[in-house]
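**Student:** Just need the structure, nothing else, for what follows:
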Amino acid sequence: MAYKATSETGEFGLIERIKSIVQPTLESAPELVLGIGDDCAVWQPSTELLQVSSTDLLVEQVHFDLLTTPAKHLGSKAISVNASDICAMNAIPRYALVSIAVPPSMPVEMVEELYRGMESAAREYGIAIAGGDTSRSRSGLVISVTVTGEVPEKMIAYRNGAKEGDIVCVTGTLGGSAAGLRVLTREKLIMMEHIENNETYNRNLMADLQEYTGAIQQHLLPLARLDTVRFLHERQVTPSSMIDISDGLGQDLGHICNASAVGALLQENRIPVNSTARLIADELQDDALGWAISGGEDYQLLFTISKEEHKKIADNRDIAVIGEITPKESGLLLKDIYGITIDLTSLPGFDHFK
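**Tutor:** Presented below is the predicted three-dimensional model:
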């Protein structure tokens, strides 16, 4: 199959291709007045709702590696990580603006796969991709996504509302993304070693990755927990504070504690560590709990809630109670299975500039 470089297609030819791919996402937004094709996207929201918005950058060799990340997966992840920010406000994502800077040698077909991934994820969340921008890049692929959402004023959750005595909850399992990244990094190193030795890269030389699928998928195709937000709305429950876990459980809980001027005590035996992460950690002689606390990119929801309100959602088995909010002077602590307390602020989390 012959591939065509983006430099051959040109900016406007590329935009037309992108427009045709994302068109199905507009079906979920009847209030959208105008999408791709003008200087701005236009929509008419309800006056009864708060509007929220978030934006994220994904930069090649900082946030992803095209050697280990299929373009379609990358497109899906670009939408999901932004939708996760909207969910972290207990809000429903509605619209996305997507901008990309592309090396001129990148095949058009790869850009189309990127947007097919975005279109698939957007339809999953009910998001309309309403516009964006394209540019040339001299240093690799850069993706910028802005997502807007809406939430009734009484349902919005900020980081600064946690109170002493509140329960600390988390959705899903943690550590899977960090474990998946470790497996993919190992495969890349083996691949590069074969290339340097002028040897044919043969996947049969690798350990069978099938048993690691859960962790690899959690890294490459994370899902924003819109299902949890809808569940909370159905039960008329508003967390006292909430955040999504992008930088690691310890660091993101620290953001809540700092904003709310409180401390927290977590119980190690209650933290839901991903089962595949445990398998990979055993094989690599690493620590799955460490990945759960510091690994990041799990995109689960971490929230606090009063004990009374928690009774309304206690039947949801996908929400684990992992600790309690304490006075600020108590600090941010983890009690391990031996009863020893560990200062979580001493553990690393993800930092873009380190």
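**Student:** part of a strand, is residue 135?
**Tutor:** Yes: counting by DSSP: H, G, I helix; E, B strand; the rest coil, residue 135 is part of a strand.
**Student:** list the contacts for it?
**Tutor:** 99-102 (Cβ atoms under 8 Å, 6 or more residues apart in numbering). For the C-beta atoms, the positions are set from N, CA and C on the backbone; glycine is no exception.
**Student:** One more: residue 278?
**Tutor:** 175, 288.
**Student:** ok, 6 Å please
**Tutor:** For residue 278, the contacting residues are residue 288, by Cβ atoms under 6 Å, 6 or more residues apart in numbering.
**Student:** quick one: it from residue 69, how far?
**Tutor:** 24 Å (Cβ to Cβ, to the nearest Å).
**Student:** cool, residue 82 as well?
**Tutor:** Distance from residue 82 to residue 69, by Cβ to Cβ: 17 Å.
**Student:** Tell me which of those two has more neighbours.
**Tutor:** Counted by other Cβ atoms under 10 Å, residue 82 and residue 69 do not tie: residue 82 has more neighbours, with 29 against 17.
**Student:** If the residue lying closest to that one once chain neighbours are set aside is in a bridge, with which residues?
**Tutor:** Of all residues not flanking residue 82 in the chain, residue 147 sits nearest, at 4.0 Å (Cβ to Cβ, 6 or more residues apart in numbering). Partner residues in beta bridges with residue 147, using DSSP bridges, are residue 54, residue 96.
**Student:** my guess is residue 147 meets residue 93, correct?
**Tutor:** Yes: with contact defined as Cβ atoms under 6 Å, residue 147 and residue 93 form a contacting pair (5.2 Å).
**Student:** Could you give the number of residues near residue 323?
**Tutor:** Residue 323: 24 neighbours (other Cβ under 10 Å).
**Student:** same deal with the one 3 residues further on?
**Tutor:** Around residue 326 sit 19 other residues, with neighbours defined as other Cβ under 10 Å.
**Student:** for it, what are its contacts?
**Tutor:** 263-265 are the contacts of residue 326 under Cβ under 6 Å, 6+ apart.
**Student:** Might you report the residue contacts of the most centrally placed residue in the chain?
**Tutor:** Nearest to the geometric centre of the chain sits residue 81, at 3.3 Å (Cα atoms, centre = their mean). Contact analysis of residue 81 by Cβ under 6 Å, 6+ apart lists residue 56.
**Student:** So it: helix, strand or coil?
**Tutor:** Here residue 81 is helix, with the state taken from three-state DSSP.
**Student:** on that earlier part again, distance to residue 179, pLDDT and neighbour count added to the contacts of residue 135, as a markdown table?
**Tutor:** Output for the contacts of residue 135, formatted as a markdown table (distance: Cβ to Cβ, whole Å; pLDDT from 0 to 100; neighbours: other Cβ atoms under 10 Å):
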| residue | distance to residue 179 | pLDDT | neighbour count |
| --- | --- | --- | --- |
| 99 | 31 | 96 | 16 |
| 100 | 29 | 96 | 25 |
| 101 | 31 | 96 | 18 |
| 102 | 31 | 95 | 24 |
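**Student:** Which residue ranges of the stretch 1-150 of the chain form strands?
**Tutor:** Secondary structure of the stretch 1-150 of the chain by DSSP state E, counting those that start in this stretch: the strands cover 32-34, 42-43, 49-59, 92-102, 128-136, 142-152.
**Student:** Quick check: which of these is buried the most?
**Tutor:** Neighbour counts (mean count of other Cβ atoms under 10 Å) averaged over each of the strands of the stretch 1-150 of the chain peak at strand 92-102, with a mean of 24.
**Student:** low pLDDT regions in this protein?
**Tutor:** 1-2, 11-12, 32-47, 194-195, 198-208, 348-354 (pLDDT under 70).
**Student:** Show the contacting residues for the residue nearest to residue 103 when sequence neighbours are not counted.
**Tutor:** Excluding the flanking residues, the one nearest residue 103 by Cβ to Cβ, 6+ apart is residue 137, at 5.3 Å. Residues near residue 137 by Cβ under 6 Å, 6+ apart: 101-103.
**Student:** And residue 188, by the same measure?
**Tutor:** 67-68.
**Student:** now do 7 Å
**Tutor:** Residues in contact with residue 188 (Cβ atoms under 7 Å, 6 or more residues apart in numbering) are 65, 67-68.
**Student:** buried set for the one helix or strand it maps to?
**Tutor:** Per DSSP states H and E: residue 188 is located in helix 176-196. The neighbour-count check on helix 176-196 (16 or more other Cβ atoms under 10 Å) flags 176-184, 186-187, 190-191 as buried.
**Student:** Show the backbone phi and psi for the nearest residue to residue 326 once chain neighbours are set aside.
**Tutor:** Spatial nearest neighbour of residue 326, excluding adjacent residues (Cβ to Cβ, 6+ apart): residue 263 at 4.2 Å. When read as degrees, to the nearest 10, the backbone of residue 263 gives phi -110, psi -180.
**Student:** quick one, what contacts residue 263?
**Tutor:** Counted by Cβ under 7 Å, 6+ apart, residue 263 has contacts 257, 326-332.
**Student:** can you tell me how far the residue nearest to residue 103 sits from residue 19?
**Tutor:** Distance of residue 137 to residue 19, given as Cβ to Cβ: 21 Å.
**Student:** Over to residue 127?
**Tutor:** For residue 127, the distance to residue 19 (Cβ to Cβ) stands at 16 Å.
**Student:** what's the answer for residue 13, then?
**Tutor:** Counting by Cβ to Cβ, the gap from residue 13 to residue 19 is 11 Å.
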